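**Student:** sequence and predicted structure, then a few things I'm wondering about:
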Amino acid sequence: MLRHAGIYFLFRAGNGVVALLSLMLLTRWLPADQYGRYALGISGANVIAALGFQWLSVSVGRFHSSKEIGPGRLFDTARRCAWVVGAAVLAVALLLVALDWPASGSAGFVLTVAALGVTLGMHGLHLQFLNSRQDALRYGWLTASRSWLALALCLAAVWGGGLATAALAGSLVGSAAALALLGARKAGPQDEGTSARAAVAPELLRFGLPLSLTYLSITILDASDRFMLNHWHGTAAVAAYGAAFDLIQQILGAVLNVLYLAAYPRVIAAWERGGIDAAKAALAPLRKATLTLAPLGALLFAGLAPDIAALMLGPQVAAQAAAVMPAVAVAVACSGMRAFCFDIALHLRRATRLHVTTTALMAGLNLMLNLALIPRFGAWGAAIASAAAFGLGAGLSLWFGRLDRLFDNIGVDFARSAVAVLAGWFCIQVVRSQLLALPPDSLVDAVPIRLPLCALAGIAGYLGIHEFARFIQQRHP
């Protein structure tokens, strides 16, 4: 796991730099309302990619190691399915343009978002093939090339005077070019499996298509808040909220995703080979790392929100983004633990119904809280709704996946992390208050100096108490 995790981490670190550069520059170069429109466009493209293609990617991940379906047939069938979905999405977009919906003069925006959504969906499918083959290097080069090309063309469009639609078009062209150059290729002649004559598409549809309901619920969780904010408070409110969420997701969410990508194929293979015990052993490093890093990341973003926002985001959105960062950090931590760790137990059992139930309940709670809180509290209400919904989802995934006992004694892990978070928070506040009390012209009063000092204090406090509690637990089980 460590070797693959290292490769994934190096490339994701580079992609994280791209995402951070994008946030830092676009929140400064675009007016707040245009950055909000850009964020809405990215959300719309992600909705298309999730609803149209994610079920197919998950099916590929589940069946790639299957003895019944050969990888060559799987690749061909999945690619055909993806092209059908892409054609349907673009047809719907053309219909919306013909109807001049959702607003007059939005044809370019609608078509660009639809095409970007299809491209991102195809990109995700190719990444799934490369990850299932454990081709970490090509996986990394594909993600890196897409990120850098999309960023370069996006920034070039804005630098040339373009606004939100031009920035989205730059991302579209860069993403498509990377996919054409480095996308997954069909492997050479291989064993086509024990069911070579059977149609592959029905298998993919039976397993993956019901998950579209799951991804519909995830879409409500990930995007409905931004569209509701736009409806009640305008695109400027979306800009601050979207910047805070994207910043935390691109750092904390990316770290948790790297660990998952490195571990997931091995857990699936262990399950197929040796059942529960083998899968539990393969899952143990991921469980330990996730339950250590997710609370730590939430602690740092919550405790250092004003400094992080001031350093990373444009002044027109920084203050509003800092106000919602603590709740957003909790939401991203809970989302990462659920999606990149706890849900694995449900994947192993192909428990599609439980996936749908979990995400439907999350989406229902999120939607109700958004409707209740956003009109009155704006972005802060959206952040609280997200934290509550993702917290519920993490708990439900643990409960539904309890039968295989992959997460025994997890309550002890949560208690240890909670105590460590309190210790880390105390250390951050003590150090930050002392630094803020220094004269304004002091060197350490500058945010680039104060932020790492406070972060180091928080990390030291958290890890010190965390490992001390683990030592006590081992000595007195």
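**Tutor:** Received it, and whenever you're ready, just let me know what you need.

**Student:** what is the least confident helix or strand in the protein?
**Tutor:** Confidence across the helices and strands of the chain bottoms out at helix 201-208, with a mean of 73, counting by mean pLDDT, DSSP states H and E.

**Student:** which other helices and strands does it contact?
**Tutor:** Packed against helix 201-208, as judged by 3 or more C-beta pairs under 8 Å, 6 or more residues apart in numbering; DSSP states H and E, are the following elements: helix 55-63, helix 71-98. Where C-beta positions appear, they are placed from N, C-alpha and C, glycine not excepted.

**Student:** out of the ones you listed, nearest to residue 132?
**Tutor:** Distances from residue 132 to each of the helices and strands packed on helix 201-208 were compared by C-beta to C-beta, and the smallest falls on helix 55-63, at 5.6 Å.

**Student:** tell me how far the closest one is from the chain's mean position?
**Tutor:** Mean-position distance between helix 55-63 and its chain equals 17 Å (C-alpha atoms, centre = their mean, to the nearest Å).

**Student:** quick one, phi psi at residue 234?
**Tutor:** Comment: the main-chain dihedrals of residue 234 come out as phi 90, psi 170, following degrees, to the nearest 10.

**Student:** surely it meets residue 32?
**Tutor:** No. With contact taken as C-beta atoms under 8 Å, residue 234 and residue 32 are classed as non-touching, separated by 9.1 Å.

**Student:** for the residue nearest in space to the middle of the chain, list the residues it contacts.
**Tutor:** Using C-alpha atoms, centre = their mean, the residue of the chain that lies closest to the mean C-alpha position is residue 253, 5.4 Å off. When the contact criterion is C-beta atoms under 8 Å, 6 or more residues apart in numbering, the partners of residue 253 are 332, 335-336.

**Student:** can you list the residues you listed in CSV and add distance to residue 112 and pLDDT?
**Tutor:** CSV is the format used below for the contacts of residue 253 (distance: C-beta to C-beta, whole Å; pLDDT from 0 to 100):
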residue, distance to residue 112, pLDDT
332, 27, 95
335, 27, 93
336, 30, 93
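
**Student:** can you list which of those residues are found in helices?
**Tutor:** Among these, DSSP state H puts 332, 335-336 in helices.

**Student:** just for the chain, where's the confidence low?
**Tutor:** 1-9, 12, 64-71, 104-105, 186-198, 210-214, 442-445, 476-477 (pLDDT under 70).

**Student:** domain parsing for it?
**Tutor:** In the domain annotation for the chain, the residue ranges read 1-209, 211-408 (automatic domain parsing).

**Student:** including distance to residue 438, could those go into CSV?
**Tutor:** Listed next are the domains of the chain as CSV, based on distance: least, C-beta to C-beta, whole Å:
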stretch, distance to residue 438
domain 1-209, 27
domain 211-408, 15
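
**Student:** of those domains, which stretch is the most buried?
**Tutor:** Ranked by average neighbour count under the criterion mean count of other C-beta atoms under 10 Å, the domains of the chain are headed by domain 211-408 at a mean of 21.

**Student:** quick one: it to chain centroid distance?
**Tutor:** Domain 211-408 has its average C-alpha position 7 Å from the chain's average C-alpha position, going by C-alpha atoms, centre = their mean.

**Student:** again, but for stretch 174-187
**Tutor:** Taking the mean of its C-alpha atoms, stretch 174-187 sits 21 Å from the chain's own mean (C-alpha atoms, centre = their mean).

**Student:** how about stretch 20-40?
**Tutor:** That offset, for stretch 20-40, works out to 19 Å (C-alpha atoms, centre = their mean).

**Student:** list the contacts for residue 124?
**Tutor:** Residues touching residue 124, when contacts are defined by C-beta under 8 Å, 6+ apart, comprise 49, 53-54, 57.

**Student:** now the two most distant members of those residues.
**Tutor:** When the contacts of residue 124 are compared pair by pair using C-beta to C-beta, the two farthest from each other are 49 and 57, 9.4 Å apart.

**Student:** tell me where the stretch 51-200 of the chain has helices.
**Tutor:** Listed in chain order, the helices of the stretch 51-200 of the chain (DSSP state H, counting those that start in this stretch) span 55-63, 71-98, 107-132, 136-159, 164-182.

**Student:** got the angle for the longest one vs helix 55-63?
**Tutor:** Looking back up the chat, that one is helix 71-98. Angular relation of helix 71-98 and helix 55-63 on a 0 to 180 degree scale: 170 degrees, by axes from the mean of the first three to the mean of the last three C-alpha atoms, to 10 degrees.

**Student:** quick one: work out the angle between helix 71-98 and helix 201-208.
**Tutor:** Counting by the same axes, to 10 degrees, helix 71-98 points 70 degrees away from the direction of helix 201-208.

**Student:** about what we covered before: show residues contacting the least confident helix or strand of the chain.
**Tutor:** When contacts are taken as C-beta under 8 Å, 6+ apart, the neighbours of helix 201-208 outside the stretch itself are 55-56, 58-60, 62-63, 68-69, 77-78, 80-81, 350, 352.

**Student:** please save the CA atoms from that helix in CSV.
**Tutor:** Extracted C-alpha coordinates of helix 201-208, given in CSV (Å, rounded to 0.1, in the frame of the first residue of the first chain):
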residue,chain,number,x,y,z
ALA,A,201,-23.6,-4.6,-20.0
PRO,A,202,-26.5,-6.2,-18.0
GLU,A,203,-24.0,-7.0,-15.2
LEU,A,204,-22.8,-3.4,-15.1
LEU,A,205,-26.4,-2.1,-15.2
ARG,A,206,-27.6,-4.4,-12.5
PHE,A,207,-24.8,-3.5,-10.1
GLY,A,208,-24.2,0.1,-11.0
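
**Student:** give the other helices and strands that the helix or strand immediately after it in the chain contacts.
**Tutor:** For helix 201-208, the succeeding helix or strand toward the C-terminus, using DSSP states H and E, is helix 211-233. Packed against helix 211-233, as judged by 3+ C-beta pairs under 8 Å, 6+ apart, are the following elements: helix 32-49, helix 55-63, helix 235-248, helix 352-377, helix 379-400.

**Student:** show residues contacting the shortest one.
**Tutor:** It refers to helix 55-63. By C-beta under 8 Å, 6+ apart, the list of residues contacting helix 55-63 reads 69, 74, 78, 81-82, 85, 124-125, 127-129, 131-132, 203-204, 207-212, 215, 264-265, 268, 347, 350.
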